[in-house]
Each structure stands twice: as structure tokens, then as C-alpha cells.
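J.: Prediction below, plus the sequence it came from.
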Amino acid sequence: MTERAAHLVDEVLPNAPVRQWVLSLPIEVRYLMAFNAGLCSEILNAFNREVFRWYRHCGKKYAGLESMAQARCGSVTFIQRAGSALNLNVHFHMLAIDGIYIHKDWKTPLRFLALPAPSDADVEDVVKRVQKRVMKILTTQSHDDARHVS
């Protein structure tokens, strides 16, 4: 663990603030993800998209960008498969760069803009959007457990 953390700090993550986002799901969904790597990947992708959406939207507002496409995000996510009691508990820990890189064009260097912490309402909005995406994924894959997720 120490070597991996050192590698992230020294070689991967830029010299910028980092925020941890954690996604924990209902037990039924955790079990489905534990035995279905494709489903786990889709749900992780939905989580990433919504967190990045929040950063781009917030960055557009604070930087006065013309488009959210000018805001670039970055993260590293770890899939944790067990809880503290070594029970099956698939969940995600995302280390997101706590801001955006502004990309105006290919001739201009990227510029970093740190963003304020998300408000409770911002986090609630991200959670609702992730929930909606997860429900759609589960319904599309016709998992019976989808009706129990809230």
C-alpha cells in the first residue's frame, strides 16, 4: 500500500489538491458487481462520469468557460472488494483532482483551476445522478434486483 501511494504521489498525480469520493451501493448491487466484472465496470464508469460532470459544470461557472468541453478532469479509482470485517463489500474510492484543467485550444498550455469544495446540495445532486444511471444500467441488464435499489 505504501509503495502504491508513493507511486501515485511521485509519478501519477499532479501537484494539485485531491478530493476522495466514495461510492457505496446497496448490498444486492454489491453482490451483483462482485460476480459480474462488466457490471462493476459500467457502474464505475457512471460514477466517474457524474463526478467529472460536476467538476466540469462547476469549473465552467467559476472560469466563465464557453463550454464544459474546455474543462478537463482527472482521477484514479480503486475498487475495494471487502469491508473492514473482510466481508464482501464492493465499493469505489476515487481520488479526483480537486479542480479542472482548462483546455482552450491546442496552442495554449493547460491551466489548472482549483475549485471550492462541493456543497451538501452538490453531493446530493451527484448521488441522485449516479443512482439514476445505476438504475438504468441494472434495468437495461434486466437484473431483478433493480427494483429493490433506492
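T.: Thanks, I have it. Just so we're clear, the structure is a prediction, and the values are computed from it rather than from any experiment.

J.: And the helix or strand bottoming out on mean pLDDT in the chain, how far out from the chain middle?
T.: Counting by mean pLDDT, DSSP states H and E, the chain has its least confident helix or strand at helix 2-7, which shows a mean of 83. Centre-to-centre, helix 2-7 and its host chain are 21 Å apart (C-alpha atoms, centre = their mean, to the nearest Å).

J.: What is that helix packed up against?
T.: Counting contacts by 3 or more C-beta pairs under 8 Å, 6 or more residues apart in numbering; DSSP states H and E, helix 2-7 packs against no other helix or strand. For every residue, glycine as well, the C-beta is placed using N, CA and C.

J.: Dump it to CSV, keeping only the CA atoms.
T.: Below are the C-alpha coordinates for helix 2-7, written out as CSV (Å, rounded to 0.1, in the frame of the first residue of the first chain):
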residue,chain,number,x,y,z
THR,A,2,2.8,2.4,0.9
GLU,A,3,4.6,1.8,-2.4
ARG,A,4,1.4,2.3,-4.4
ALA,A,5,0.7,5.6,-2.5
ALA,A,6,4.3,6.8,-3.1
HIS,A,7,4.0,5.9,-6.8
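
J.: Not counting it itself, show me its contacts.
T.: For helix 2-7, contacts defined as C-beta atoms under 8 Å, 6 or more residues apart in numbering pick out no residues.

J.: Just the residues contacting the next helix or strand after it, thanks.
T.: Scanning forward in sequence from helix 2-7 by DSSP states H and E, the next helix or strand is strand 18-24. Strand 18-24 has contacts (C-beta under 8 Å, 6+ apart) with 43, 47, 51, 89, 91-98, 117, 130.

J.: Thank you kindly, that will do.
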